[in-house]
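Asks: Generate coordinates for the sequence data below:
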Amino acid sequence: MHRLLPSLIIIRPFIAFIVTALLLLTFSRLALIFWQFDRLPNINTLFTILFNGSRIDLSTAAYLLILPALFHPFIIMSRFNSQWQTILKVWFVASLTLLLFFELATPAFINEYELRPNRLFIEYLVYPKEVASMMLNGHLIAIVLTSLGMYLGIKYFWAFTSRYIFTLQRNSTLDKADSSHTLFKKVTLVLSSFITLTLMIFILARGTFDHRPINPSLVYFSTDPLLNSLTLNSAYSVMFAFKQLKNEKNAAKIYGEMPEQKIISLVQKNSSLAIPPYKNTSLPTLAKKPAYYHGKPKNLVIILEESLGAQFVGELGGIPLTPELDKLINNAWSFDQLYATGTRSVRGIEAVITGFTPTPARSVVKLDKSQHNFFTIAALLEKQNYTTQFIYGGESHFDNMKSFFLGNGFNSIVDFDDIKSPEFVASWGASDEDLFNQANVELKKLHQQNKPFFSLIFSSSNHDPFDIPQGKTKALAYTQTQIEQYGSHEIARHKAIQYADYALGKFITQAKKEAYYQGTVFLIVADHDARVYGSGLVPIKNFRIPGVILNSGLENKRDKRIASQIDLAPTLLSLIGIDDATPMLGFDLTKQHSQQRAMMQFANNFAYMQNNEVAILQPHKAIKYYTYDINQQKLTDAKENKPLGETALAHALFGSLAYSKGLYRLAN
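Replies: You can find the predicted model right below:
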């Protein structure tokens, strides 16, 4: 013990740092658990979260210490002892501050996404201007509290490390080692300290003696994604997501492998054609799909509504905040069971414009290899002599939309800089009224060219921080008093939904008076729901969105079939008379199919719903099977269904395969 004591003194600051980090993260986790206590099914869950969380926290602290640990035993015994302690103190304070920052940012993130900060947090950092505007306008209190917490944290951490962690004095055992120990004993002390410290850091960082180091899948224990998320700390969650970015193009590393030919065979079998005429071996899903409509090509306008889940649409059983959309639902071809593929706008764009299946990777809108020669309906329509256009009230560079659109078939982009004298500018750009006013101008111009056109219009008013023009209260359907009954904490969101609905209804009313209307098919659809939350592995009910097609040429009806966002593009092409070959797997909903299915990506979980049967894939875990009750909107456990599981896995892997090998494009 006497011989070991000097080594312990040398590594004592690292032990103290680990204990401090563990206390900080445990306190934060307890606070979050208390906040979400109603989600805990029993007291055992609390102890499971705390135990698994401590393993992750120790691993996180150890990773933060790897670099200084490599040098510490050697430098602390040198004449640079004093300078090194200052450097080490700065490192420790910076590391603790980093942990504190992510924990302080967690409540706001959970409130929006029901998960700790993850890859979405990283993606938002790429757009500091837009995010800063959103935070300043809608989350000022959170910014103030976080800033105050950071200030107090840094001040406390500096004083704490100075007083309790760094107490190595020149008259200590180390000083005696400098003066009285032989060179051999000094070397022995340095090496024993290095070995002890390295071994401790290695064991804690690895977190397990199993063949694989600790990772989220090893500590996840629940079917509730939030409870699983609480076992992590937020810094670890973000760092792990950053690490996973390098694997994002290969879903097989997440869900498991399947032979390439089997993937192709299964997605072909479950595509929109009973006997698909797949002839191009280099593009295995490219197939010609006969159109419903035959005649002069029709125009196409897609209106993508920001964050409009079925939970806010009265006619779909939600809060009655969309009277204008409700009217359209009952006087057009509308879908009662339409499901988004994801939780981000770019995922909605991906599904509606390309018909691409969702993956655990980022949307193809943001990935490098899909910026050119990637299939979109705009690319197909451009070859059919259509003029193609994207209209957006904000800055089109956001989420890489501009690059993706211009590289894949869109002739022109109209965004914030092109909107003449907008009456109201919000954090995300011009208001929806300004957007639709400009859209009407653009559509009239396109109509005058006497050639078919396709226009994608993307709204933004229903986006946090929910800036809407003042003085519109009388124009909205409900007063503040009336909407307070649906949750006083959501008044800003509910007002924004009402305003977006009002602007949409105003535009459709005006469009019906214009010459371009009669020859144009309109799709109104949400990109995703506002908040996706729940205790299931994939909260399916919060993927349900409205979808309405105007001027379809079919009888107005409420379509009760389960449908996916990826079905919309093939359906629209069929309605406007385009039957060229495409690589899309979606169903043409003008036809009846033996199966109804939808696909949903929730963080790293993938759900494949076929009729009322659901298979859910998780990273490095066995497939879970459920039955989904559409009326109750609930999942119940079901027995294994191997064919469904294989079909789900094939569709989850197809996107990565098609992206990496360039399979999702038009024939040259």
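
Asks: For the chain, name the helix or strand with the lowest mean pLDDT.
Replies: Lowest on mean pLDDT, DSSP states H and E among the helices and strands of the chain sits helix 173-180, with a mean of 48.

Asks: distance between the helix or strand just after that one and the chain's centre?
Replies: On the C-terminal side of helix 173-180, the closest following helix or strand by DSSP states H and E is helix 183-206. The chain centroid and the centroid of helix 183-206 are separated by 42 Å under Cα atoms, centre = their mean, to the nearest Å.

Asks: Return the set of buried residues in helix 183-206.
Replies: 189-190, 192-194, 196-197, 200-201, 204-205 (16 or more other Cβ atoms under 10 Å). C-beta here means a position set from N, CA and C on the backbone, and glycine is covered the same way.

Asks: okay, and for the protein, where does confidence drop off?
Replies: Applying pLDDT under 70 to the chain picks out residues 1-7, 138, 164-184, 247-249, 272-279, 473-475, 477-481, 488.

Asks: try it again with 50
Replies: 1-4, 168-173, 175-177, 179-180, 274 (pLDDT under 50).

Asks: Helices along the stretch 351-500 of the chain, start to end?
Replies: For the stretch 351-500 of the chain, the helices defined by DSSP state H, counting those that start in this stretch cover 377-383, 401-407, 432-448, 480-484, 491-511.

Asks: just the strands in the stretch 551-668 of the chain please.
Replies: 557-564, 581-582, 597-602, 605-610, 613-617, 624-629, 634-637 (DSSP state E, counting those that start in this stretch).

Asks: Residue 289: which of these is closest?
Replies: strand 581-582 (6.9 Å; Cβ to Cβ).

Asks: Output the contacting helices and strands for that closest one.
Replies: strand 287-288 (3 or more Cβ pairs under 8 Å, 6 or more residues apart in numbering; DSSP states H and E).

Asks: Can you redo the strands of the stretch 551-668 of the chain as CSV, where the extra columns are distance to residue 458?
Replies: CSV is the format used below for the strands of the stretch 551-668 of the chain (distance: least, Cβ to Cβ, whole Å):
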stretch, distance to residue 458
strand 557-564, 20
strand 581-582, 22
strand 597-602, 20
strand 605-610, 25
strand 613-617, 30
strand 624-629, 30
strand 634-637, 32
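
Asks: The ones you listed: which one's closest to residue 344?
Replies: Nearest of the strands of the stretch 551-668 of the chain (Cβ to Cβ): strand 597-602, 9.5 Å.

Asks: Strand 557-564 and the closest one, what's the angle between them?
Replies: Per axes from the mean of the first three to the mean of the last three Cα atoms, to 10 degrees, the angle that strand 597-602 makes with strand 557-564 is 60 degrees.

Asks: so what's residue 157 up against?
Replies: By Cβ atoms under 8 Å, 6 or more residues apart in numbering, residue 157 lies in contact with 92-93, 96-97.

Asks: next one: residue 305
Replies: Residue 305 sits in contact with 459, 462, 500, 504, 524-527, 546, where contact means Cβ under 8 Å, 6+ apart.

Asks: Residue 549 too?
Replies: Contacts of residue 549 (Cβ under 8 Å, 6+ apart): 332-334, 521-524, 571-572, 575.

Asks: just residue 385 next, same as before
Replies: For residue 385, the contact set (Cβ under 8 Å, 6+ apart) comprises 451-452.

Asks: Return the distance of it relative to residue 452.
Replies: 7 Å (Cβ to Cβ, to the nearest Å).

Asks: Repeat that for residue 545.
Replies: For residue 545 relative to residue 452 (Cβ to Cβ), the value is 27 Å.

Asks: got it, and residue 125?
Replies: 40 Å.

Asks: For these two, indicate the residue with more neighbours.
Replies: When neighbours are counted by other Cβ atoms under 10 Å, residue 125 and residue 452 differ, and residue 452 comes out ahead with 23 against 10.

Asks: Distance-wise, check the more buried one relative to residue 299.
Replies: 5 Å.

Asks: Give me the common contacts of these two.
Replies: residue 576.

Asks: What is the most widely separated pair among the contacts of residue 157?
Replies: 92 and 97 (9.5 Å).

Asks: neighbour count winner among those two?
Replies: residue 92 (25 against 15).

Asks: What segments of the stretch 301-450 of the chain are strands?
Replies: Taking DSSP E, counting those that start in this stretch to define them, one finds strands in the stretch 301-450 of the chain at 333-339, 387-392, 412-414, 425-426, 429-430.

Asks: quick one, which of the ones you listed is nearest to residue 635?
Replies: Comparison of the strands of the stretch 301-450 of the chain against residue 635 by Cβ to Cβ identifies strand 333-339 as nearest, at 13.7 Å.

Asks: May I have the residues that are in contact with residue 627?
Replies: Residue 627 makes contact with 612-614, 635-638, according to Cβ under 8 Å, 6+ apart.

Asks: In this structure residue 413 contacts residue 406, no?
Replies: Yes - using Cβ atoms under 8 Å, residue 413 is in contact with residue 406, at 6.8 Å.

Asks: pull the CA atoms of stretch 435-445 into PDB?
Replies: In PDB, the C-alpha atoms belonging to stretch 435-445 read as follows (Å, rounded to 0.1, in the frame of the first residue of the first chain):
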ATOM      1  CA  LEU A 435     -45.400  33.100 -49.800                       C
ATOM      2  CA  PHE A 436     -48.800  32.200 -51.400                       C
ATOM      3  CA  ASN A 437     -49.200  35.700 -52.900                       C
ATOM      4  CA  GLN A 438     -45.900  35.200 -54.600                       C
ATOM      5  CA  ALA A 439     -46.800  31.600 -55.600                       C
ATOM      6  CA  ASN A 440     -49.900  32.900 -57.300                       C
ATOM      7  CA  VAL A 441     -47.900  35.400 -59.300                       C
ATOM      8  CA  GLU A 442     -45.400  32.600 -60.300                       C
ATOM      9  CA  LEU A 443     -48.100  30.200 -61.300                       C
ATOM     10  CA  LYS A 444     -49.800  32.800 -63.500                       C
ATOM     11  CA  LYS A 445     -46.400  33.400 -65.200                       C
END
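
Asks: Identify all contacting residues around it.
Replies: Contacts for stretch 435-445 (Cβ under 8 Å, 6+ apart): 301, 389, 391-393, 414, 418-420, 429-430, 453, 455, 457, 459-460, 503-504, 506-507, 510-511, 514-516, 520.

Asks: Of those, just the buried ones, PyMOL syntax please.
Replies: If you want just the buried ones from the contacts of stretch 435-445 in PyMOL, going by 16+ other Cβ under 10 Å, the selection is:
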select buried, resi 301+389+391+392+393+414+419+429+430+453+455+457+459+460+503+504+506+507+511+516+520
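
Asks: Which residue ranges make up each domain of this structure?
Replies: 5-244, 299-562+575-587 (automatic domain parsing).

Asks: And the last one, how far out from the chain middle?
Replies: What that stands for is domain 299-562+575-587. When C-alpha coordinates are averaged (Cα atoms, centre = their mean), domain 299-562+575-587 and its chain have centres 18 Å apart.

Asks: for the shortest one, same thing?
Replies: Distance of domain 5-244 from the chain centroid (Cα atoms, centre = their mean) equals 25 Å.
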